[in-house]
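[1] When you get a sec, could you give me coordinates for this:
(chains A, B and C)
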Amino acid sequence: MRFGVLRFPGSCDEVDALHAAARVGDAELIWHRDRDLRGVDAVVVPGGFSFGDYLRAGAIARFSPAMESVIEFAADGGLVLGICNGFQVLCEAQLLPGALLPNTNLRFTFRQVRLDLVQRDTAFTCAAPEGATLSIPAKHAWGRYHADAELLAELEENDQVVLRYAAGENFNGSVADIAGVRNRAGNVFGMMPHPEHAVDEQTGGSRDGLVIFESMRMAVEAAHA
Amino acid sequence: MRDSATLPTLADALALGLTEDEYALVCEFQGAPPNQVELAMYSLLWSEHCAYKHSRKLLRTLPTEGEHVVMGPGENAGAVDVGGGLVCAFKVESHNHPSAVEPFQGAATGVGGILRDIFAVGARPIAVLDSLRFGDVGEAAAAAGGGDRSRYLLDGAVAGIGHYGNSIGVPTVGGEVYFEGPYEQNCLVNAMALGLAERERLVRSAAAGPGNLVVLYGASTGRDGIGGASVLASAELDADQDKRPTVQVGDPFEEKKLLECSLELLDRGLVVSLQDLGAAGLTSSASEMASKGGVGIDIDVGLVPLRESDMEPYEIMVSESQERMLCVVEPESLDAVLEVCERWEVGGTAIGTVTDSGRMRVLRDGEPVGDMPVRALVDECPLYDLEPEQASGPLYPPPPAVLDAAAPPRDLLRALLASPNLASRRPLFEQYDAIVQSRTVRRPEEADAAVLVLPDGSALAVSVDCNGRRVAADPYRGTLGAVIECAANLACTGAEPLGTTNNLNFGNPEKPHIAWQLSQSVRALGEACRALRAPIVGGNVSLYNEGAAGPIYPTPVIGMVGRLPHAGRAGRLGFAHEGDAIALVGAFAPSLAASELAKLAGEPLPVELPDIDLDAAIAAIAAVRAGVRSGAIASAHDIAEGGLAVALAESCIGGRIGASVTIDAGGEDSRALFGECSGCFIVSGEPAALDALAGSVQVRRLGSVGGAELRIELGGGESFAADIGELAGIHDGGLRSLFD
Amino acid sequence: MRARVLIRPKAGILDPQGVAVERALPALGFDGVENVRIGRLVELDVDDAAQLQPMCEKLLANPLVEDYEIVLE
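    Next up, the predicted model:
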């Protein structure tokens, strides 16, 4: 299982994502100017402040050569995980529906949050126990998920909402407490909290984040079988 | 070279902050009156901020050597050996005056500046801590009819620190904030940073090798921070004058690129030396590099990439535009260096050469516009002796009273937990990413110090501390207390101190009573660091922090880095298990003098603090450290502001569990409950394990962990209890309203 | 020619910055202020004004949540 973790100027959590993925398979960094995804099985678009969050978070990163390849990779069914800024990039690139807006409290906020697993039957959550609650750190200023009423109905209808903030945990004002969504085809997934920071009890407060990476490996292995 | 039509006068020199005598000395060193460029450079390098004119003699008395010290004061940052072939570079610095003007950018650029100091020595920054002081807020401010300004400064500073640290991917793992009247007009924003480097990769800033090239890379140069030097403007001041930025604006995205570029240059051995551009920009960086190397430097300002096209040579030399670095490279490496800069999208340009002339020469497009001896610029600034004299009366007004000290202890405890100096800092530190880089083992409020894991499984602990009000009451004992507190915080995680950094924030040292505060404080700093074997590896001095309303409390901010052998055994402050015994460790001699309770009751500062038994404090620190390391101690928390009752409450709130304790108050309930002292701890653990701690230290069993209340029996039938959930709510809410 | 693009949050999208400013104004003595919305301004020199709209659609604005207005000088 090989993960490719993108790195943009301004990425912060790409090395953390690399180490998290490396607990589950092989992992390598892909520089934003590089079009060659080197045959990886899955792509991770990491957290941070790519291009300084200039204009809008993720607005510039989405046009990088590496992202052009990722868009093709996704069109071919490749697995793509977007974390925080990565989620923003995927929405800007329209690989995922909706948009991320500034937190309602207008402040960067760092908190360990509990997430309800809404869809277990996805390539990113299949390794999680049924009905699980994941404890994962969130840290962002632009994490308010937005979808208008029509899109929201569509997402719910098509089981595209994968993670929700548990009761009392939605600090950024996301509509319908949405913390993570996937595309219709189910191969692209974005979440605002940081699973790569919850793979080790000592520094993450839990190991619940590992489940996201393990699920991706399971899904890839199942596809090869 | 000198155009007599624009030759500055004595009046210009005075306007730039030089004294008449200093100006005469400059003329002597130059052999003629200095021109515009030369006067600008001397006035900056001979300013208090760069030359430490009033503090350098005192600072020379501090201990700077020790078994773990790899790099001492004088470089961009000091460094200590942390095992496994690694060193930790660290330093604390202030950005007080800019933060009072524009708190967001002032605090942000303060963080940017200290981070550059860390990677300038070749270390990757791994953590930031902030130490802040503002005027009263909340009830105390309302009593005086104010508080809005301090709220505004607090809000801006926290947002600025978060913005810079979060964006550049360095976690902000700890800090402190105090609200006291004397900081109302002069806030303090001190930033501390740590970095890791392989020992052989540490780089120094001395320029070397005549013929080598001086390369400037990073952001382009504009008029940021020129401010006062604009008296030298030879052009007619026009309407655009107002648009010149006096505030430096930071760009963390640019600095992230600068950081990666610098570390790659060092990794590949492409640079001879490195220096960041901070206060006084090119002037100080180039001169100091030349001075340390015993060489000369020629800089051609015509080669400097500019943001505004019409800048004069002196402006280019004094600009404080952020996110720029200077390096010295061998000519054959230049192409490789520029290639690395280009890849990281940070502009790199060769702007000068190292010479053997011993002179700092400034040229514009090849024409000389300034020529000064390096030694005169950097080393020959006159140093002044302080004339210390203790003030004969109080220097500070009493704080406003917000409670009645005769109220029942349960009410006093609740008032203390809600007060701005003691309430939970969660509303602040929630704005900081404390976990990026995946090293953080203890986050804010989990333990008395931040803990960061190292590759070999050991860990670093770091804390920053100072109670300025206690230093104001007694500069010598107050400073001893600050250093002890820092070491005590480290001990609570199981860490042994390796080295210390300090930022001395004081008023005007030319006033005898301030000089007295400074000299007493530095004396104590030296004594405590020697006794604790935690030498000073670097630091900063910020003087003249005073205004019409008077000086700030003398505030020697202490930052200490320590090491513990097993990250997994790092201590916590919250009570852990039902049934654990609770004990008080140390020579407990509480006093209400200059305590938090005394402050809230509106009492004036006492004329001195009680004596501190330094040996007893050190012994208690060692015992707690050993107990945490062995696992005998399940939780450890030092007794600080608010005294024993507040420390107990904090451990209950932290562990989300209650406690029952008996305190022999001897009839003086308030003193026993809320009196403060140094080198004392609240620990919990299995009864037998705690008993085993006693030996050379006093260990007094107080009670045990359990239940949903904090219940305190005072002897003589008096007791009180408070629900932990209620206390947690009060504690959590104290500062929240400031951020809504 | 010189062009200005004004970008603002779509009607119906919560704009907490606008709300914060709207709340702050009365405290400073400014009454009777409503519906504060905060957006972004992009100023640029262009050779071909026809490129402005596709520029907005593709990069300068996020059409899902923002409206934009092009002003030519």
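[2] got the domain boundaries for chain B?
    B:1-56, B:65-199+B:398-739, B:211-355 (automatic domain parsing).
[3] now the longest one, how far from the centre of its chain.
    So that's domain B:65-199+B:398-739. 13 Å (CA atoms, centre = their mean, to the nearest Å).
[4] can you check the last one too?
    Domain B:211-355 sits 25 Å away from the centroid of its parent chain (CA atoms, centre = their mean).
[5] which one's the longest helix in the chain?
    I went with chain A, as the question did not name one. Under DSSP state H, the helix in chain A containing the largest number of residues is helix A:210-224.
[6] actually chain C
    Identified as the longest helix of chain C according to DSSP H is helix C:16-27.
[7] picking that back up, and residue A:45, which of the domains of chain B is closest to it?
    Nearest to residue A:45, of all the domains of chain B, is domain B:65-199+B:398-739, at 15.9 Å by CB to CB. Every C-beta, even on glycine, is put in place using the N, C-alpha and C of the backbone.
[8] hang on, the earlier thing: got the contact list for the longest helix of chain A?
    Helix A:210-224 is contacted by residues A:1, A:3, A:20-21, A:23-25, A:41-42, A:79, A:81, A:122-128, A:132, A:134, A:191, A:195, A:198-199 when judged by CB atoms under 8 Å, 6 or more residues apart in numbering or on different chains.
[9] related to what we said a few turns ago, restricting to C-alpha, output the longest helix of chain C in CSV.
    The C-alpha atoms that make up helix C:16-27 are tabulated as CSV, following Å, rounded to 0.1, in the frame of the first residue of the first chain:
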residue,chain,number,x,y,z
PRO,C,16,-19.8,36.6,10.9
GLN,C,17,-17.4,39.4,10.1
GLY,C,18,-20.2,41.6,9.0
VAL,C,19,-22.2,40.7,12.1
ALA,C,20,-19.3,41.5,14.3
VAL,C,21,-18.8,44.9,12.7
GLU,C,22,-22.5,45.6,12.8
ARG,C,23,-22.5,45.0,16.5
ALA,C,24,-19.4,47.1,17.1
LEU,C,25,-20.7,50.3,15.4
PRO,C,26,-23.4,51.3,17.9
ALA,C,27,-20.9,51.1,20.7
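[10] what does that helix contact?
    By CB under 8 Å, 6+ apart, the surrounding residues in contact with helix C:16-27 are A:102-106, A:173, C:9, C:31, C:33-38.
[11] out of the residues you listed, which one sits closest to chain B?
    residue A:105 (8.7 Å; CB to the nearest CB).
[12] Next up, the contacts around the closest one.
    A:171, A:172, A:173, C:16.
[13] Now stretch B:353-372: average pLDDT?
    What stretch B:353-372 shows for mean pLDDT is 96.
[14] Contact residues of chain C facing chain A?
    When proximity is defined as CB under 8 Å from any CB of the partner chain, chain C approaches chain A at C:9, C:12, C:13, C:14, C:16, C:17, C:20, C:59, C:60, C:62, C:64, C:65.
[15] re earlier: so which of the contacts of helix A:210-224 sit within helices?
    Within the contacts of helix A:210-224, residues falling in helices by DSSP H are A:20, A:21.
[16] Got a PyMOL select line for the buried ones in the contacts of helix A:210-224?
    The PyMOL selection below is limited to those of these classed as buried (16 or more other CB atoms under 10 Å in any protein chain shown):
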select buried, chain A and resi 1+3+20+21+24+25+41+42+79+81+122+123+124+125+126+127+128+134+191+195+198+199
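[17] Show me the contact partners of the lowest-mean-pLDDT helix or strand in chain B.
    In chain B, no helix or strand scores lower on mean pLDDT, DSSP states H and E than helix B:138-143, which sits at a mean of 84. With CB under 8 Å, 6+ apart as the test, helix B:138-143 has contacts from B:135, B:147, B:150, B:179, B:181, B:399-402, B:419-420, B:600, B:734, B:737-738.
[18] Just the buried ones from the contacts of helix C:16-27?
    Buried members of the contacts of helix C:16-27, counted by 16+ other CB under 10 Å: A:102, A:103, A:105, A:173, C:9, C:37.
[19] For residue B:61, state which of these is nearest.
    Checking the buried ones among the contacts of helix C:16-27 one by one against residue B:61 (CB to CB), the nearest turns out to be residue A:105, at 48.5 Å.
[20] I'd like to know how far the closest one sits from residue B:640.
    In this view, residue A:105 and residue B:640 are 31 Å apart by CB to CB, to the nearest Å.
[21] Can you find the helix or strand in the chain with the smallest mean pLDDT?
    Answering for chain A, as no chain was given. In chain A, the helix or strand scored least confidently by mean pLDDT, DSSP H and E is helix A:201-204, which has a mean of 91.
[22] wrong one, chain C
    The helix or strand of chain C with the poorest confidence is helix C:16-27; it has a mean of 87 (mean pLDDT, DSSP H and E).
[23] burial of residue 78, as a residue count?
    Just going to use chain A. Using other CB atoms under 10 Å in any protein chain shown, residue A:78 has 19 neighbouring residues.
[24] sorry, should have said chain B
    Residues lying near residue B:78 (other CB under 10 Å) number 28.
[25] now do residue B:200
    Neighbourhood size, residue B:200 [other CB under 10 Å]: 9.
[26] Also residue B:548?
    5.
[27] Could you count how many residues lie near residue B:23?
    24.
[28] per-residue pLDDT, residue B:512?
    Confidence at residue B:512, expressed as pLDDT, is 97.
[29] contacting residues around it?
    Applying CB under 8 Å, 6+ apart, the residues near residue B:512 are B:387, B:388, B:389.
[30] list the contacts for whichever residue of chain B sits closest to chain C?
    When scored by CB to the nearest CB, chain B has residue B:148 as its residue closest to chain C, at 9.8 Å. For residue B:148, the contact set (CB under 8 Å, 6+ apart) is empty.
[31] Repeat the analysis, applying 10 Å as the threshold.
    Applying CB atoms under 10 Å, 6 or more residues apart in numbering or on different chains, we find residue B:148 in contact with B:135, B:137, B:141, C:27.
[32] go on, residue B:135?
    Per CB under 10 Å, 6+ apart, neighbours of residue B:135: B:141, B:144, B:146-151, B:153-154, B:179-187, B:549.
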